[in-house]
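[1] give me coordinates for this.
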Amino acid sequence: MGFIFRNPELIFQKVPEANQPVLSLDEALAFHGLTRTKISLEMIRWVNSIRLESPELYNVIIHDPPDIRRVMEIKMWDFCFSTGVTIDYPVRRGWNEFTSVREFIQNSLDIEERIFGYEGMEVGVWVDKLGLHITDRGPGITYEAFRIGGSDKNRYERGYFGEGLKVAMAYLLYRGCPVYVFNRKGQVFKAITPPGSTLMLIAMGRTSKPVTGTEVIIYNLPLKAPEWSDPSYTKRIIFKEWLKDPNLEVLTVKRWAKPDCPHPKPNFIVFAKDGSNIDFLWVRDIVVNKISNLTRLPSIFGYNLWWVELEPNRVSVSSIPELAKEAAIAFDKKSVEVLLDRVVKENKIKRGFFETNIIDWWYADEEAKIAAAEWVEKRNYGVTDNEKIMDWAIYMGANPLVIPPEMRSLFAHAQTVELIIARKCDERLKAAEEGAVPLEKLTLRERCNLRSAAIVMETVHIMLMGRSKKAPDIVVTEKMLDAAGTVKGEKIYIHRNELKDVEKATETLLHEYAHYYGNKMYLGAPDISETFEKALGEVAAQAAHLPIEAVFAAIRAKLGAWGAKCWVWLGTRYEKYQMLSELLEIAINEGLENMGLTGVLELTESQHYYIEFNRPLIVWVRLSKYMVDKLKEGRTVSGPDFSSLYYIYDVFDWRMPFADINLYKSMLKKELEIVEKEAEEMPWYAHIILIYNPEKDFFEVWKVIPLRQT
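    A predicted model of the protein is given here:
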């Protein structure tokens, strides 16, 4: 059970103050608003009692520099008490002059805001011969503020834990800059250290110097730290003073409250008009540190945030993620636009900044995200965080903006490169389908060039994907917007302009086939991508090693055979088409059957190659009586006599408006009549006249003239 004093006056019978003149002590107690009980419970000592016990300490208490005693009209010192803080404690915590002075300014800002509101705050900071002065217009500081834990502030105010003021005074005392604090009631407080001790004491006294609210004097500070004589150095501490710099402009002022705060508190974003980086963080109007010292990345803007928690020394935040969140919340339309104007260069957002790498844009409000989307749309960008598709996007006609992955949330509503490309592809495909041209509407040269290129593509397809997979269909179009070709599903679209030249047509078809092949094998192969380059390399490798029959067929098509073949699709698989010389051999033997001959005629090896390379349109086969007799006996004959050959490049008329077999035959009619006439004049030979059909890519018998004279 605890002991309870029935008569508190008994406490003073054991302390020196009980034997002091009552009138002098009571006068001091009344002036400072104390009682005998209170000073005993809180271990506050009357100066006169200290004089009896420790004259040396008494002399320290009552001693003041003459200039500060005179200017501030210090009359006397009445009481002294211990703070429980040693002057070497803040040194171990890493405090300095800057962090110490900031504490006094912080306290003045709190009381000013409490009385005059946020917009009405006025804190004076200046330097004179005495040292650095800090003033406010509050009710005046009380002795409780100098006790550890002594604080009447709410959690949302700048000072809350009740230790910053004491630690700051201890550090400055350690540096030889004693702190004097005056209030409007005529009280004065100062920090002292007992001889031979590091403990900081607070002396309470009286002054006749009128003070508006509270005035702090840090004696001799400019002598110990000359930078405090520079007004710009001092102004940077207080956010509102720093804003007076004409190079600065407030971009954003956003206010919001939290459950334990009755009024919304402001957050600011500030930028430099000259384009320089600010890189400073203020929290609740007091400068904390360079952002680059906290995050290792500089900040383009300056931030004054309210709801960020600081670590005890107030030179760093307690949580970088919290800082990243609160900074994101502060952004609005204008600040987003200015930020993007500053960081976007050459289709990329420059990395390496607090704003581009650290801020957690997930917490940005809809206004900021919509602003980013509008900014992107206004400049006709499409955003992507995949730098690898940048070249492809440009190739596809998009205007890409490569963003860091950390900023993806800010651009949540912005149009993406992929969407733009998909839209362009849809528009291109729609135009291509609307402008589709039937094969019969192509000119002869266009159709032949297309067929030559298609033979190469089909052969490459079979070499890569096998005979059981049908090659994509080819659609010719007169509308393709800004492209030469495109792929959709099982179709390849090629612009009609590409068919003017066979090499160009082949290149375009193989390019688009590489997309088709890449889509099948690599789940996507957009232009100028790694997968497309890989697919194109495989296609090119196969195209460089086409089998000879494909080469012959492609050349045959190029030179007029609009129906030339190398492969035939049978519905389930591809089968090889026969060589032209083999087809000629079949047609010749058909002519022999028409003459009633049962033998077989075979071309020599040299004749086979001769036919393949020269591709005749009209073939006149002349058979001697010796050959006819052997064929009658059902024997095999080798090497007929080709008395007349007409070559495609000699006879084919490119003035044909389009590919038409009847028109083609009518154009050869004159040549056929010449051959027939000459054959009729040679009755001692049997004759087979054959004509090449470019539509069906084989030889057909035109006329058979049997042996008439032996």
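[2] what's the closest non-adjacent residue to Met43?
    Phe81 (6.0 Å; CB to CB, 6 or more residues apart in numbering). Bear in mind the C-beta positions are built from the backbone N, C-alpha and C, glycine included.
[3] that neighbour belongs to a strand?
    Yes. Judged by DSSP: H, G, I helix; E, B strand; the rest coil, Phe81 forms part of a strand.
[4] hey, what's it bridged with?
    Ile202 (DSSP bridges).
[5] for it, give me its contacts.
    Counting by CB atoms under 8 Å, 6 or more residues apart in numbering, Phe81 touches 42-45, 143, 146-147, 201-202, 204.
[6] what about it, distance to Ile39?
    Separation of Phe81 from Ile39 (CB to CB, to the nearest Å): 8 Å.
[7] ok, of the contacts of Phe81, which come out buried?
    The neighbour-count criterion (16 or more other CB atoms under 10 Å) marks 44-45, 143, 146-147, 201-202, 204 among those as buried.
[8] tell me the contacts of Leu173?
    When contacts are taken as CB under 8 Å, 6+ apart, Leu173 is in contact with 87, 179, 191-193, 200.
[9] how about the strands in the stretch 1-150 of the chain?
    45-46, 74-86, 124-127, 131-136 (DSSP state E, counting those that start in this stretch).
[10] run through the stretch 251-400 of the chain and note the low-pLDDT ranges.
    Within the stretch 251-400 of the chain, no stretch has pLDDT under 70.
[11] state the phi and psi torsions of the residue positioned nearest the centre of the chain.
    By CA atoms, centre = their mean, the chain has its centre lying nearest to Ile403, at 1.5 Å. In terms of degrees, to the nearest 10, the main-chain angles of Ile403 are phi -110, psi 150.
[12] okay, stretch 185-205 in PDB with CA atoms only?
    Presented in PDB, the C-alpha positions along stretch 185-205 are these (Å, rounded to 0.1, in the frame of the first residue of the first chain):
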ATOM      1  CA  LYS A 185       5.000  36.800 -19.600                       C
ATOM      2  CA  GLY A 186       8.500  38.200 -18.900                       C
ATOM      3  CA  GLN A 187      10.000  34.700 -18.200                       C
ATOM      4  CA  VAL A 188      13.400  33.700 -19.500                       C
ATOM      5  CA  PHE A 189      14.900  30.200 -19.800                       C
ATOM      6  CA  LYS A 190      18.400  29.200 -20.500                       C
ATOM      7  CA  ALA A 191      20.400  26.000 -20.800                       C
ATOM      8  CA  ILE A 192      23.500  25.500 -18.600                       C
ATOM      9  CA  THR A 193      25.800  22.700 -17.600                       C
ATOM     10  CA  PRO A 194      27.000  22.200 -14.000                       C
ATOM     11  CA  PRO A 195      30.800  22.400 -13.500                       C
ATOM     12  CA  GLY A 196      32.400  19.000 -14.100                       C
ATOM     13  CA  SER A 197      29.200  17.500 -15.500                       C
ATOM     14  CA  THR A 198      27.600  16.900 -18.900                       C
ATOM     15  CA  LEU A 199      24.000  17.100 -17.500                       C
ATOM     16  CA  MET A 200      22.000  20.000 -19.000                       C
ATOM     17  CA  LEU A 201      20.000  22.100 -16.600                       C
ATOM     18  CA  ILE A 202      17.400  24.800 -17.300                       C
ATOM     19  CA  ALA A 203      17.400  28.000 -15.400                       C
ATOM     20  CA  MET A 204      14.200  30.100 -15.000                       C
ATOM     21  CA  GLY A 205      14.400  33.800 -14.600                       C
END
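[13] how about it: buried residues?
    185-194, 200-205.
[14] residues in contact with Lys244?
    For Lys244, the contact set (CB under 8 Å, 6+ apart) comprises Lys235.
[15] let's go with 7 Å and repeat that
    Under the criterion of CB atoms under 7 Å, 6 or more residues apart in numbering, Lys244 has no neighbours.
[16] repeat for the one 4 residues further on
    By CB under 7 Å, 6+ apart, the residues touching Leu248 are 270, 272.
[17] measure it to Phe239 for me?
    In this view, Leu248 and Phe239 are 10 Å apart by CB to CB.
[18] same question, Asn277
    For Asn277 relative to Phe239 (CB to CB), the value is 18 Å.
[19] when the two are compared, which one has more neighbours?
    Legend: neighbour count by other CB atoms under 10 Å for Asn277 and Phe239, higher for Phe239 (22 against 17).
[20] which residues touch the more buried one?
    Neighbour list for Phe239: 282, 285, 304 [criterion: CB under 7 Å, 6+ apart].
[21] tell me what the helix or strand the last one falls within is packed against?
    Yep, that's Asn304 we're talking about. Assessed by DSSP states H and E, Asn304 sits inside strand 302-305. Where contact means 3 or more CB pairs under 7 Å, 6 or more residues apart in numbering; DSSP states H and E, strand 302-305 is packed against strand 265-272, strand 280-283, helix 320-330.
[22] okay if I get these as CSV plus mean neighbour count and distance to Trp567?
    CSV is the format used below for the helices and strands packed on strand 302-305 (neighbours: other CB atoms under 10 Å; distance: least, CB to CB, whole Å):
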stretch, mean neighbour count, distance to Trp567
strand 265-272, 21, 67
strand 280-283, 24, 71
helix 320-330, 20, 61
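[23] would Ala372 count as being in a helix?
    Yes. Remark: Ala372 belongs to a helix, assigned using three-state DSSP.
[24] residues in contact with it?
    Contacts of Ala372 by CB under 7 Å, 6+ apart are 336, 340, 410-411, 414.
[25] ranking these by neighbours, who comes first?
    Using other CB under 10 Å as the neighbour criterion, Leu410 leads the contacts of Ala372 with 29 neighbours.
[26] nearest residue to that residue in space, ignoring adjacent ones along the chain?
    Leu410 sits nearest to Trp361 (CB to CB, 6+ apart), 3.9 Å away.
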